[in-house]
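Q: here is the input, now give the coordinates:
(one chain, ligands or ions: 1)
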Amino acid sequence: MPFPPFARRIRPFACVVCALVLFHTLSLLSAGLIGNAAERNGSLQLGNQPLNEYKARRQKLMNQTKDGVVALIGDLEESNGIDRKFRQNDNFLYLTGVDTPGSYLLLVPEGYQTAREILFLPARDPQQERWTGPQIGPSEETAKLLGFDKVLATTEFSRVLNEVTNSEFRSKGKPLYTVDYGQAGSRTREREFTDNLRKSATGLKLMDVRPLLAEMRKVKSASEIALLQKAVDISNEGQMDVLRNIAPGKYEYEMEALVLAAFYRNGAERPGYPCIVGSGIYSTVLHYNKNKKQIEDGDTVVVDVGAEFSQYTADLTRTFPANGKFTPRQREIYQLVLDAQEAAAKGFKPGESTMADLNYIARDFIHNSPLRSGELTMDTFFIHGLGHFIGMNVHDVGDYSQPLPVGAVFTIEPGIYIPSEKIGVRIEDNYLVTEKGLEKLSKNLPSRPEEIERLMAEARRGKKF
Ligand SMILES: [Mn+2]
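A: Residues are numbered from 1 along each chain as shown. Take a look at the predicted model:
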């Protein structure tokens, strides 16, 4: 990877190149100016979702913020791609579909010069583009293309924000909605932004926009569900590659490599969280991700992986017997975990069940099992919650106190971890709430122990170990 220069010099000829770029949809797409755009059935999609969906989300948010103003900042590209592959801020992407680094969003329900939805993009920088690729810049054409009333340069952001939150706005007690962590949390760009607002605009009433967005993001649209299904299917493929290749003597990281290969060859951007491949004693460590141990005969291996596709992540866990066959003890614990998962899924009542209800069902089921480790009932070793929402974040946003709504996608993942026996078992699947009940998005990934053993045996017949 080339090392960036210390000083920036603008080369005039590069600006000429920039000026020559044609401004119509096809040229913008083919020039790669909108990194996550594609044309489908004659209309533009951003991040594999239709443009009008982002518009509908902005409208829905404005309906809730009424006469207030919403200001959001996207993420920055700060290291010319050295530190990480750029990933847009989730809330920003959810509302805009725009993955241009350094962007801002302003929603003004009462309008700013008749514009209600204003996107701010950095002016094109040919020098920067040599390092991180072409970017779309602010213009009227861009506004039309991306479905905004106006797309201005980011250098205009402060001025416009000051104008729309002027003294009259403030004296009426109208709120500015933004991401407000208050005093909590670490220093982030968002927090700095809010702190600066607090200091610079006296009398400005700040409101945290996150709870509103969290409730919106909790209910997935058809296109979001399709992306989650794709992420699940890719993760499923990674799990199957582990199932077919795992064996005593191999290293955990070799299994991780198989998983990542499945992710990347299917177009995932990255794993949605660090891959967990824990064998033997590490199968009992919940977020183990060193993945350095050699897998031993007799180990259970917990494989907890999720692909991120178009910024939506799956979260699937399977537990494999390293040598292809569970011991009787491993098998009875495995069956209990599986039965608890099925009991929770079966116990789901549309419009009624909360996550806590399902957690109670699974926990109760495990508690009532005759199995023991020493004197202890098995629920003693079920040391985490039953599940969580998935979406743009692996532990996605949304209030858990309400019944799980239609359109929510979440995990059911009971687990039993007994360090003294070196046995850990977790089984995690992803479910969509529908009008009728739960739809298991990961139903194609086998979880019954006899099926796992049969498939492992089948894979081994064609291989030497
Ligand atoms: Mn999970």
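
Q: can you point me to the longest helix in this protein?
A: Once the chain is assigned using DSSP state H, the helix that runs over the most residues is helix 222-245.

Q: for the helix or strand that that helix is followed by, buried residues please.
A: Later in the chain than helix 222-245, the nearest helix or strand by DSSP states H and E is helix 252-265. Buried residues in helix 252-265, counted by 16 or more other Cβ atoms under 10 Å: Glu252, Tyr253, Glu254, Met255, Glu256, Ala257, Leu258, Val259, Leu260, Ala262, Phe263. Placement of C-beta: from N, CA and C, glycine included.

Q: which residues of the stretch 351-465 of the chain lie near the ion?
A: By Cβ under 5 Å from the ion, the residues of the stretch 351-465 of the chain that approach the ion are Thr411.

Q: if you drop the residues flanking it in sequence, what lies closest to the one residue in the stretch 351-465 of the chain that gets nearest to the ion?
A: At 4.6 Å from the ion, Thr411 is the closest residue in the stretch 351-465 of the chain, using Cβ to the ion. Of all residues not flanking Thr411 in the chain, Gly387 sits nearest, at 4.1 Å (Cβ to Cβ, 6 or more residues apart in numbering).

Q: show me which of the buried residues of helix 252-265 is closest to Asn289.
A: Closest approach between those and Asn289, by Cβ to Cβ: Glu256, at 8.6 Å.

Q: so that closest one touches Gly278, yeah?
A: No - under the criterion of Cβ atoms under 8 Å, Glu256 is not in contact with Gly278, lying 10.8 Å apart.

Q: OK, contacts around the residue nearest to Thr411?
A: Met355, Leu358, Asn359, Phe410, Thr411, Ile412, Glu413, Glu428 (Cβ atoms under 8 Å, 6 or more residues apart in numbering).

Q: got those as CSV, with secondary structure, pLDDT and neighbour count columns?
A: Listed next are the contacts of Gly387 as CSV, based on DSSP: H, G, I helix; E, B strand; the rest coil; pLDDT from 0 to 100; neighbours: other Cβ atoms under 10 Å:
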residue, secondary structure, pLDDT, neighbour count
Met355, helix, 97, 23
Leu358, helix, 98, 26
Asn359, helix, 98, 19
Phe410, strand, 98, 25
Thr411, strand, 98, 25
Ile412, strand, 98, 26
Glu413, coil, 98, 23
Glu428, strand, 98, 26
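
Q: out of those, which is nearest to Glu308?
A: Of the contacts of Gly387, the one sitting nearest to Glu308 (Cβ to Cβ) turns out to be Thr411, at 15.1 Å.

Q: for the ion, give me its nearest residue in this protein.
A: Counting by Cβ to the ion, the chain gets nearest to the ion through Asp315 (4.1 Å).

Q: can you pull out the helices in the stretch 1-150 of the chain?
A: Assigned by DSSP state H, counting those that start in this stretch, the helices in the stretch 1-150 of the chain fall at 12-19, 25-30, 51-65, 90-96, 126-132, 140-146.

Q: which stretch in the ones you listed has the least confidence?
A: Among the helices of the stretch 1-150 of the chain, helix 12-19 has the lowest mean pLDDT, at a mean of 38.

Q: which strands or helices does whichever helix or strand Thr194 is part of pack on?
A: Using DSSP H and E, Thr194 sits within helix 189-200. Secondary-structure packing of helix 189-200 (3 or more Cβ pairs under 8 Å, 6 or more residues apart in numbering; DSSP states H and E): strand 69-73, strand 175-178, strand 205-208.

Q: what are the buried residues along that helix?
A: Glu190, Arg191, Phe193, Thr194, Leu197.

Q: let's have the residues you listed in TSV, adding distance to Asp241.
A: Converted to TSV, the buried residues of helix 189-200 look like this (distance: Cβ to Cβ, whole Å):
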residue	distance to Asp241
Glu190	38
Arg191	41
Phe193	42
Thr194	44
Leu197	48
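
Q: these also near the ion: which ones?
A: Residues of the buried residues of helix 189-200 in contact with the ion (Cβ under 5 Å from the ion): none.

Q: kindly report the domain assignment for this structure.
A: 12-216, 220-461 (automatic domain parsing).

Q: of the ones you listed, which stretch is the most buried?
A: Comparing the domains of the chain by mean neighbour count (mean count of other Cβ atoms under 10 Å), domain 220-461 comes out on top with a mean of 19.

Q: ok, Gly68 - contacts?
A: Pro109, Lys174, Pro175, Leu176, Tyr177, Met207.

Q: look up how far Gln229 lies from Asp99.
A: According to Cβ to Cβ, to the nearest Å, Asp99 and Gln229 sit 21 Å apart.

Q: check Glu78 too.
A: 33 Å.

Q: may I have the beta-bridge partners of Gly424?
A: Tyr417 (DSSP bridges).

Q: thought Val303 was touching it, still the case?
A: No - assessed by Cβ under 8 Å, Gly424 is found out of contact with Val303, at 11.2 Å.

Q: need the overlap of contacts for these two.
A: Thr319.

Q: which residue packs closest to Asp429, ignoring adjacent ones?
A: In space, Asp429 is closest to Ser442, 4.5 Å off (Cβ to Cβ, 6+ apart).

Q: state the helix or strand in which that neighbour lies.
A: Going by DSSP H and E, Ser442 is not in any helix or strand.

Q: my read: it touches Leu432, true?
A: No - taking contacts as Cβ under 8 Å, Ser442 lies outside contact range of Leu432: 10.3 Å.

Q: and the helices in the stretch 251-400 of the chain, which stretches?
A: 252-265, 328-346, 355-367.

Q: for Ala38, list each beta-bridge partner.
A: Beta-bridge partners recorded for Ala38 (DSSP bridges): Gln45.

Q: any idea which strand is longest in this protein?
A: When the chain is parsed with DSSP state E, its longest strand is strand 104-112.

Q: that strand pairs with which strands, parallel or anti?
A: Counting by DSSP bridges, the strands paired with strand 104-112 are strand 69-73 (antiparallel), strand 115-121 (antiparallel).

Q: what about the stretch 151-300 of the chain, any weak spots by pLDDT?
A: Across the stretch 151-300 of the chain, the ranges flagged by pLDDT under 70 are 183-187.

Q: and if we set it to 80?
A: Applying pLDDT under 80 to the stretch 151-300 of the chain flags residues 181-189, 200-202.

Q: tell me the contacts of Ile295?
A: Contacts of Ile295 by Cβ under 8 Å, 6+ apart are Ile246, Ala247, Pro248, Gly249, Lys250, Tyr251, Glu252, Met255, Ser279, Gly280, Val301, Ala322.
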